[in-house]
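Participant: With the input below, show me the fold.
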Amino acid sequence: MERRAHAGISPAHRATIVVAVVASTAAIVLLIMLLTRGADTPKRAAAAAARSPSPPSLLVRRTKLGRILTDQRGRTLYLFEKDKHGRSTCFAACARVWPPALVSGRPRAGDGITASKLTTTRRGGSKLQLVYDGHPLYRMNADVRPGQTQGEGFLATWWIVSPSGRRIVAPGLSTKAAGY
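Facilitator: Below you'll find the predicted structure:
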């Protein structure tokens, strides 16, 4: 009976069926290869991310006050003159207005930053705060966009930081705290 079923199929039609079966099989094998290869893509992406350098923790930005230090998002960084020996003295309410510039892991210096001046200090728990040239660094909550400098000279103790690690005093600001 089988001979009769195949007897009516022309050799050209039989060749077309064979080609279709081979092509379908190849497509299925290719699909399986792609799916199994894609299964470890998140692992490969994580490994590639671990190998690629992380973005700099500290950057330099040109402003009307000259070159200043900023965080990764371009937000102005400040030093607090009451900090001593590379340790922060700004906690609780102070840190809510002046959030410390935190990093996870070893900080990276961007262009214009002296890498040997860039370190960290440990805050409560395991948090690491950026320190540049012995000054723990902070942002100011009022600076909501890159380039803003609302905290400059606040109480004559909060100052923008230059790439040399020194405070920047904007024209017209006093470095003496009146009444404090």
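
Participant: What ranges does this protein have for its strands?
Facilitator: 59-63, 66-70, 78-80, 102-103, 118-122, 128-132, 135-136, 158-161, 167-168 (DSSP state E).

Participant: any idea how far stretch 70-89 is from the chain center?
Facilitator: The chain centre lies 18 Å from the centre of stretch 70-89; the measure is C-alpha atoms, centre = their mean, to the nearest Å.

Participant: Give the buried residues for it.
Facilitator: 70-71, 75-80, 83, 88 (16 or more other C-beta atoms under 10 Å). (C-beta placed from N, C-alpha, C; glycine too.)

Participant: Check stretch 122-142 too.
Facilitator: 123, 128-133, 135-140.

Participant: Among those residues, find me the one that's closest to Ala12.
Facilitator: Leu128 (74.3 Å; C-beta to C-beta).

Participant: Gly165: which of the buried residues of stretch 70-89 is nearest?
Facilitator: Leu79 (8.5 Å).

Participant: And the closest one, how close does it get to Ser10?
Facilitator: Using C-beta to C-beta, to the nearest Å, we find Leu79 at a distance of 88 Å from Ser10.

Participant: ranges for the helices of the chain?
Facilitator: For the chain, applying DSSP state H gives helices covering 2-7, 11-38, 41-51, 93-97.

Participant: shaky segments in the chain?
Facilitator: 1-7, 13, 18-53, 178-180 (pLDDT under 70).

Participant: and the residue most central in space within it, what is it in contact with?
Facilitator: The chain has Pro55 as the residue nearest its centroid, 5.2 Å off, counting by C-alpha atoms, centre = their mean. Pro55 sits next to 72, 108 when contact means C-beta atoms under 8 Å, 6 or more residues apart in numbering.
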